[in-house]
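[1] show me how the following folds:
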Amino acid sequence: MDPHDLDPRDHRLSHKASQETFISLVQLDPEPILDPYQENGPDFDPTRDASPSDDAGEGGSLADSIHSLKSSGSGGTAGGIGLHNTTTPLGLSGSGHGAIYYLTRIQRYSSYTFSLFASLHLATTSVIPLLARSVPASESYLLLAREIYQTPLSEPLLVALPIVAHVGAGLLARLLRRRENLRRYYGVGSDEKTHGLIAKPTARFLRSGWPSLSWIALSGYGFTAVVAAHAFMNRGLPLAVEGDSANIGLAYVAHGFVRHPWTSWAAYAALLGIGCGHMIWGWAKWFGVSQGAGWKLERHTGVPEVDRKARRKRRRRLILINAVAAAATAVWAAGGLGVVARGGETLGWVGKLYDGLYDKVPFFA
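    You can find the predicted model right below:
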């Protein structure tokens, strides 16, 4: 059929305004659909990983994509925190990012700093004893490393401040997410706050609005507890009793394993297991490796072949990360528990000093 033979007056080819159609667009009353992963929603987590095809190549996350889109827009507020999308030289209040975005960044970069200390501590308390096969031969390397991370300047910067910043930023971000959930879904801060749960702050209300707690967060809280106990026994207690920790080293740990085996084995097993698991999974999260890791498939496409491939990919990632965490735990345990823990009891006045320190703690008394 020749296009030139078409009659432009044919009603089938003539255009018609939307107002003249059978169902006019003017009659529609559109309403936005609530995204379950919308920021500040009950299922939203700024640290939630994107799907493997989104930003895995560059180690990005869903939060990065969301905040990047928000910052590229104009007007409005960011993250429900009330930060307007204006431009400032520092890029803080005017960058379009909410407070949770910056708290997540504090968590990330503080973990980089603490990892420097953890790597050095791993080398001097596990790798070197494993190679030297002797506690006395490894003490000099530990004393040398302390000149790096135990000075009046480096100890706060490499150890204390990163831990406080990391844990504090995580807790504060969690409180901010709950505040936004309560405001959005329970009416906190609105004129109707006298109704429902808000009128009677019962136990049910106190449990409401909290974001989901991931395994990384749970292990982080456990790791914080064992690190605090470890720092108290090896740094805080000697400073409080003796005035310094110059005599505290690998022999002090070995002495504790001889005098108090059950408590020492349980404490160091928890320190190594929880610590290595948390740090390996945390690094996998920062670099985008943990996204899409799991044993079950979260979203089914309905195509069996596609679902099988996606399931295998998720399981491979899960096995890979856990294998790395298990390998790190095994290396640390080989030197720490295999060599240092079997170093034997310290005799003489130094051994009595160690006994006096351990006796100050109820768990070792």
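
[2] which stretches of the stretch 251-365 of the chain have low pLDDT?
    365 (pLDDT under 70).

[3] where's H121 relative to F114, distance?
    Separation of H121 from F114 (CB to CB, to the nearest Å): 10 Å. For glycine as for every other residue, the C-beta is placed from the backbone atoms N, C-alpha and C.

[4] who has more neighbours out of these two?
    F114 (20 against 16; other CB atoms under 10 Å).

[5] contacting residues around the more buried one?
    Listed by CB atoms under 8 Å, 6 or more residues apart in numbering, the contact set of F114 reads 158-159, 162-163, 166.

[6] give me the subset of these that lies in strands.
    The members of the contacts of F114 all map outside strands under DSSP state E.

[7] what about those, which one has the most neighbours?
    Using other CB under 10 Å as the neighbour criterion, P162 leads the contacts of F114 with 23 neighbours.

[8] ok, now which ones touch that residue?
    Listed by CB under 8 Å, 6+ apart, the contact set of P162 reads 110-111, 113-114, 117.

[9] please enumerate the helices of the stretch 151-300 of the chain.
    All helices of the stretch 151-300 of the chain, identified by DSSP state H, counting those that start in this stretch, fall at 154-155, 161-185, 203-206, 215-231, 237-241, 250-259, 261-286.

[10] wait, a helix at T301?
    No: going by DSSP: H, G, I helix; E, B strand; the rest coil, the assignment for T301 is coil, not a helix.

[11] surely it touches D307?
    Yes: using CB atoms under 8 Å, T301 is in contact with D307, at 5.9 Å.

[12] these two: which is more packed in?
    A count of neighbours by other CB under 10 Å puts D307 above the other of T301 and D307, at 14 against 10.

[13] if I look at that one, how far off is S290?
    Taking CB to CB as the criterion, D307 is separated from S290 by 21 Å.

[14] show me what counts as buried in stretch 127-144.
    127-130, 132, 135, 138-139, 141-142 (16 or more other CB atoms under 10 Å).

[15] oh, I was asking about stretch 269-286
    By neighbour count on 16+ other CB under 10 Å, the buried set for stretch 269-286 is 270-286.

[16] number of residues surrounding L116?
    L116: 15 neighbours (other CB under 10 Å).

[17] mind telling me what element it is part of?
    helix 99-122 (DSSP states H and E).

[18] and the next helix or strand past the strand or helix carrying A333?
    Per DSSP H and E: A333 is located in helix 304-335. Downstream of helix 304-335, the next assigned helix or strand under DSSP H and E is helix 348-359.

[19] and that following helix, what does it pack onto?
    Under the contact definition 3 or more CB pairs under 8 Å, 6 or more residues apart in numbering; DSSP states H and E, helix 348-359 sits against helix 237-241, helix 250-259.

[20] which elements pack onto the first one?
    So the one you mean is helix 237-241. Applying 3+ CB pairs under 8 Å, 6+ apart, one finds that helix 237-241 makes contact with helix 348-359.

[21] can you list the low-confidence ranges for the stretch 51-200 of the chain?
    Scanning the stretch 51-200 of the chain for pLDDT under 70 picks out 51-95, 188-200.

[22] can we see that at 80?
    51-96, 186-200 (pLDDT under 80).

[23] on the three-state scheme, Y141 is what?
    Y141 falls in the helix class when you classify it by three-state DSSP.

[24] wait, it touches V127, no?
    No: assessed by CB under 8 Å, Y141 is found out of contact with V127, at 9.5 Å.

[25] which residues touch F364?
    F364 neighbours (CB under 8 Å, 6+ apart): 256, 259-260, 263, 358.
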